[in-house]
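Trainee: sharing a model prediction with you, sequence too.
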Amino acid sequence: MIDFDRLRRWPDVEAPELLAHDATDRLLLDTAEEALVAHPDRVTVIGDRYGALALGAAALVGAHPIRSHQDARSGELALAANTERLGSSAVVVGHALDAALVDGARVVLLQLPRGLDALDEIAALVARHADPDVQVFAGGRVKHMTTAMNDVLARRFASVTAGLARQKSRVVTASGPVRGGAPDWPRTSRHGDLVVVAHGAAFAGSTVDIGTRALLEALSGVEPGAALGAEPGASPAHETPLAVDLGCGTGVLATSWARDHPGWRVIATDQSWAAVSSAEATAAANGVADRVEVRRDDAGSSIPDGSAYLVLLNPPFHVGATVHAGIAHKLFDAAARMLAPGGELWCVWNSPLAYRGALERAVGPTRQVARTAKFTVTVSVRR
């Protein structure tokens, strides 16, 4: 077994209360050990946060490759870093959430997602493509598990059994995949003249969340020149101005800006596989796929310094299941890095979080555009 205490969360936020492993990782590996040893060449890991599951499984299956899907790009980077840190010879092959991930799998280790839609998309994929004798070991913290999760699994598997809790974690084992039926992910909804496409793990699904609505309303009267703080169409070296939807989710902000401002180049970026896959589909469904470039990276790391004149941001206020401002501050710093001097960050945030001071420090002078008891929209101008 690996030394879990040597695992680190990098490049995610590090804090004493935020660990790179939990009791669920250990319980999953202990529960599935017999199956892992019996079928070492057909193992899939889904939802591994920082590598504890994949590296722990590799210690049991030896040199056999393990297929892995991590929704977060930062999780993939952490897994690679932790593999090197532990000196592990594990062979972990990253996959999208698609058939190749689970084709013929006999053992699936799953850190349960909190959302039922995310769980349903995973369960449907495994049931459709894994070996008929597959065993799915799905674990989570007891306080985040619900009987509705069992119901989701029971729609896709003939047998669903909950194990005993240990250290406030529990594993549910599913087997007997139920085949048939047309794929029902991603899902699509229409909101007026906007079509939103979403995979199960995408924030807010195929709805338009109220924070995004607040930011869209604030942007509705903004002309490109106002966002640039210069003449319409102005940009470095007379290039097409760049707008970035940072932490883009399903791509609603990027798609809306591209549709309303055809003279702009737009990049939508998120570290979530579900988000970028949804954003690509949303842009295509609204006819702007040729003008919205979608990238999966950590905090927009692939976007050059000082290249953007506009950043749109609706930051998360939690890390996993923990309410924590660390990701928001990381994204504020990222926005400051990619903005050209005089460029603007338009940000919506939960009013009680009082981010204005942090925005002033990270980006520059910040003014309030709109405020309700729940949400505040601000504009920060890059120094």
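Mentor: Yes, it's here. As the structure is a computational prediction, the values presented were derived from the model and not from experiment.
Trainee: geometric centre of the chain: which residue is closest?
Mentor: Nearest to the mean C-alpha position of the chain, counting by Cα atoms, centre = their mean, stands Ser272 at 2.7 Å.
Trainee: could you give the bridge partners of it?
Mentor: With beta bridges defined as DSSP bridges, Ser272 has these partners: Ala72.
Trainee: may I see the buried residues of the helix or strand containing Ala358?
Mentor: Here Ala358 sits within helix 356-362, counting by DSSP states H and E. Under the neighbour-count criterion of 16 or more other Cβ atoms under 10 Å, helix 356-362 has Arg356, Ala358, Leu359, Ala362 buried. Using the backbone N, CA and C atoms, a C-beta is placed for each residue, glycine as well.
Trainee: likewise stretch 79-89?
Mentor: Taking 16+ other Cβ under 10 Å as the basis for neighbour counts, the residues of stretch 79-89 that come out buried are Leu79, Ala81, Asn82, Thr83, Arg85, Leu86, Ser88.
Trainee: okay, the helix holding Ala358 in PDB with CA atoms only?
Mentor: Included here for helix 356-362 are C-alpha records, laid out as PDB according to Å, rounded to 0.1, in the frame of the first residue of the first chain:
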ATOM      1  CA  ARG A 356     -14.000  43.600  -3.600                       C
ATOM      2  CA  GLY A 357     -10.800  44.100  -1.500                       C
ATOM      3  CA  ALA A 358      -9.300  40.900  -3.000                       C
ATOM      4  CA  LEU A 359     -10.100  42.100  -6.500                       C
ATOM      5  CA  GLU A 360      -8.600  45.500  -5.800                       C
ATOM      6  CA  ARG A 361      -5.400  43.800  -4.600                       C
ATOM      7  CA  ALA A 362      -5.100  41.200  -7.400                       C
END
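Trainee: one step back: my read: the residue nearest to the centre of the chain touches His69, true?
Mentor: No - taking contact to mean Cβ atoms under 8 Å, the distance of 11.7 Å between Ser272 and His69 leaves them out of contact.
Trainee: what's the longest strand in the chain?
Mentor: Longest among the strand segments of the chain by residue count, using DSSP state E, is strand 339-350.
Trainee: packing partners for it?
Mentor: Here strand 339-350 is seen to pack against helix 210-219, helix 224-228, strand 308-313, helix 326-338, strand 375-381 when contacts are counted using 3 or more Cβ pairs under 8 Å, 6 or more residues apart in numbering; DSSP states H and E.
Trainee: the same query, at a cut-off of 6 Å, please.
Mentor: Strand 339-350 sits against helix 210-219, strand 308-313, strand 375-381, with contacts defined as 3 or more Cβ pairs under 6 Å, 6 or more residues apart in numbering; DSSP states H and E.
Trainee: any idea of the angle it forms with strand 375-381?
Mentor: When axes from the mean of the first three to the mean of the last three Cα atoms, to 10 degrees is applied, the directions of strand 339-350 and strand 375-381 differ by 170 degrees.
Trainee: return the set of buried residues in strand 339-350.
Mentor: Leu339, Ala340, Gly343, Glu344, Leu345, Trp346, Cys347, Val348, Trp349.
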